[in-house]
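[1] give me the fold of what follows.
(chains A and B)
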Amino acid sequence: MKNRITIALLFILTGLLITLAPTVLFKVCSTEKMKMACYYTRGAEIGLGILIAALGAVYFFFENKGTRIGISIAQFLNAVLVLVYPLKLIGLCKNSEMDCRVKTLPALIVLAVVLGGTAAANVIYLAKFGKTE
Amino acid sequence: MSNRKTRYLLKNIRRQRFYNLCLLLTILILSSILFAASVISQSLNQGVRNMERRLGADIMFVPKGSKENAENMLLEGSRSSFYFDDSIFEKISGIDGISEITSQCFLKSLSADCCSSEVQIVFFDPETDFVVGPWIETEYSKKLSQDQVIVGSSITIENGVIRLFGKEYPVVSQMAKTGTALDSSVYFSSSAKSDVLLHAEEKGSFLTEEQKKGEILSSVFVNVSSDVKLEKVIETAHQTVGDIFDVVYPKQLNTSLAGSLSNITGIVRILSISLTVLLFLILLLISSLIMNQRKQEVALFRILGKTKRKLALALISEVGAVSLAGAVSGCLLSALIVIPFGTFIGRSFSMPYLGPGTLKTLLLVGVISSSAVIISFLTSVFFILKVTNIQPYLALRREE
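    This is a model prediction of the structure:
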């Protein structure tokens, strides 16, 4: 029960922060003049953040050890996606002095590492010590 | 260490969970603060040192009324364009007492062209340049042709070219990161000026009447011979070209930056010393509590035949392992925030900022972690020796 609550809360919190980082906390560049790559990355991160938070909520309701390991692996892959969108798939503004590179990208790096680290550690923990509740 | 010993060590650590957690958290918090403070102060130091090398001119002549813009451009990297008629260069270079003289011309690119933002275009004369030249020479020593450009480290290049005003220019070199405005500029040889201005106009970029004329300069950088006073050169320049210029003293700008930096590093030094003292005191307290708690356990082991030396070593290994884990995780947690947010931190201080490389970061993690382990060893060794030297009979009796 303790593992389910702690990890679910961590997943939900990270998911919400991933949604809030490019929109409220560390906004991407302004779209007043034109829509740049970071605008589209922002959209993708909002969706991904919501998915991560939703999987976090789902994690809480599953007592089966195997299912929880599966959700944790999915969250680890989501963490990789959080980074791949701005760095490879969609991209950010090309000038490294722009807000999206100075503020949004570092915030996403931190959140992706936290999410990926938590998910990986949880997989190892559940595989070694976890039991179906 | 053998597997059996490692298991025994981990088991002991888990048994004293509360105290070891206190020890771990104390070291984790303090080492993360120390790491962040060290990285930030070192990066600001490096940035200002690079700025000092960049502002290597005694005097910068700029058009009248552009002094503030020029200072902001040098210090904060804000984009600016202001112009003289280029005949001023010839007139000033004839003044006695000038040892080095060079000129530059600034232009802003179209917002959406290459970099989703404006970049500063700098036309410089590779023959005479002593301000930007040294930075470029470290990366590229050949002559710059009309079509070629050199770009700062923040500019993203695709397939070896950069697109400006609708035309692609081959990039011959990308400069090393300096942490200053040099990083987001594009450098052309001054011979390319008329061509670039022409392309800019063709692509609908707004050019002022001065820019259209093409015979323009934005600033003249001068180094004065050591036996001549700066004021004398400025006075002669006024007499020669009239009251059409303002004077910026780049080296003095740097002195004010260095002043702000010394305030910041002073605060960091005081913070580091206070934290180390605090760490020492907290660890003394934790060690005395842990060892007091374990007196009975140590006495039992002595009765069962363990030597004092073996017991002392086991206790020291426990403290060492917990401290090392705390220090390394503290440094890594801190690095996770301080390193990606480096540019943001530099921007918040309004100062040039150049983050440390991988090797320097690893070295810093090593130094802080080993210092934390040494401090926890020093704070616990006395209590460990005391508890292992106590007579088992006395230790057990006191616990009754």
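[2] spell out which parts of chain A neighbour chain B.
    Contacts of chain A with chain B, taken as Cβ under 8 Å from any Cβ of the partner chain, map to A:29, A:33-34, A:36-37, A:93-98, A:101-103, A:105-106, A:109-110, A:113. (Each C-beta comes from the backbone N, C-alpha and C, glycine too.)
[3] could you pull out the strands for the chain?
    In the absence of a named chain, chain A is used. With DSSP state E as the definition, chain A shows no strands.
[4] actually it's chain B I care about, not the one you picked
    Per DSSP E, chain B carries strands over the ranges B:59-63, B:84-85, B:98-108, B:120-124, B:149-151, B:161-164, B:167-174, B:185-189, B:216-217, B:219-224, B:245-248.
[5] any idea which of those gets closest to chain A?
    Among the strands of chain B, strand B:161-164 comes nearest to chain A, with 9.9 Å by Cβ to the nearest Cβ.
[6] just checking, what packs against that closest one?
    Judged by 3 or more Cβ pairs under 8 Å, 6 or more residues apart in numbering or on different chains; DSSP states H and E, strand B:161-164 is in contact with strand B:149-151, strand B:167-174.
[7] kindly recompute the last result at 7 Å.
    strand B:167-174 (3 or more Cβ pairs under 7 Å, 6 or more residues apart in numbering or on different chains; DSSP states H and E).
[8] show me what contacts B:V171?
    B:V149, B:V151, B:I157, B:G160, B:V161, B:I162 (Cβ atoms under 7 Å, 6 or more residues apart in numbering or on different chains).
[9] so how far is chain A from the closest residue to B:E52 other than its chain neighbours?
    Nearest residue to B:E52, sequence neighbours excluded (Cβ to Cβ, 6 or more residues apart in numbering or on different chains): B:N254, at 5.0 Å. Going from B:N254 to chain A by Cβ to the nearest Cβ, to the nearest Å gives 21 Å.
[10] B:N254: neighbour count?
    When neighbours are defined as other Cβ atoms under 10 Å in any protein chain shown, B:N254 has 22 of them.
[11] wait, doesn't it sit right on B:R49?
    No - checked against Cβ atoms under 7 Å, the pair B:N254 and B:R49 is beyond contact range at 9.7 Å.
[12] in chain B, where's the longest helix?
    If you go by DSSP state H, chain B has its longest helix at helix B:250-293.
[13] the residues of chain A next to chain B, buried ones only, as a PyMOL selection?
    Filtering the residues of chain A next to chain B down to the buried ones (16 or more other Cβ atoms under 10 Å in any protein chain shown) takes a single PyMOL command:
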select buried, chain A and resi 29+36+37+93+94+95+96+97+98+101+102+103+105+106+109+110+113
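[14] for the strands of chain B, give me a markdown table that also has mean pLDDT.
    Formatted as a markdown table, the strands of chain B follow (pLDDT from 0 to 100):
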| stretch | mean pLDDT |
| --- | --- |
| strand B:59-63 | 87 |
| strand B:84-85 | 80 |
| strand B:98-108 | 85 |
| strand B:120-124 | 84 |
| strand B:149-151 | 85 |
| strand B:161-164 | 80 |
| strand B:167-174 | 82 |
| strand B:185-189 | 85 |
| strand B:216-217 | 82 |
| strand B:219-224 | 87 |
| strand B:245-248 | 86 |
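[15] in JSON lines: the ones you listed, plus distance to B:L315.
    Converted to JSON lines, the strands of chain B look like this (distance: least, Cβ to Cβ, whole Å):
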{"stretch": "strand B:59-63", "distance to B:L315": "65"}
{"stretch": "strand B:84-85", "distance to B:L315": "75"}
{"stretch": "strand B:98-108", "distance to B:L315": "66"}
{"stretch": "strand B:120-124", "distance to B:L315": "61"}
{"stretch": "strand B:149-151", "distance to B:L315": "58"}
{"stretch": "strand B:161-164", "distance to B:L315": "62"}
{"stretch": "strand B:167-174", "distance to B:L315": "55"}
{"stretch": "strand B:185-189", "distance to B:L315": "59"}
{"stretch": "strand B:216-217", "distance to B:L315": "73"}
{"stretch": "strand B:219-224", "distance to B:L315": "65"}
{"stretch": "strand B:245-248", "distance to B:L315": "64"}
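[16] so which of the residues of chain A next to chain B are in helices?
    Applying DSSP H to the residues of chain A next to chain B, the entries found in helices are A:A37, A:L105, A:P106, A:I109, A:V110, A:V113.
[17] let me know the closest of those to B:T6.
    A:V113 (27.3 Å; Cβ to Cβ).
[18] mind checking pLDDT for A:A120?
    The score at A:A120 is 95. That number is its pLDDT.
[19] show me what contacts it?
    Taking Cβ under 7 Å, 6+ apart as the contact definition, A:A120 lies against A:F76.
[20] helices of the stretch 251-400 of chain B, start to end?
    Assigned by DSSP state H, counting those that start in this stretch, the stretch 251-400 of chain B shows helices spanning B:295-303, B:308-338, B:342-349, B:358-389, B:392-398.
[21] correction: the previous question concerned chain A.
    A:2-20, A:37-61, A:65-84, A:99, A:105-129.
[22] shaky segments in the chain?
    Just going to use chain A. Low-confidence segments of chain A (pLDDT under 70): A:132-133.
[23] chain B is the one I meant
    Within chain B, the stretches with pLDDT under 70 are B:1-2, B:54-56, B:76-78, B:109-118, B:133-142, B:179-181, B:204-214, B:394-400.
[24] any idea how it splits into domains?
    Residue ranges for the domains of chain B, per automatic domain parsing: B:3-51+B:261-398, B:59-248.
[25] so which of the ones you listed is nearest A:K88?
    domain B:59-248 (13.8 Å).
[26] first-to-last residue distance for that closest one?
    6 Å (Cα to Cα, to the nearest Å).
[27] so A:A44 touches A:P86, yeah?
    No - at 8.6 Å, A:A44 does not count as touching A:P86 under the criterion of Cβ under 7 Å.
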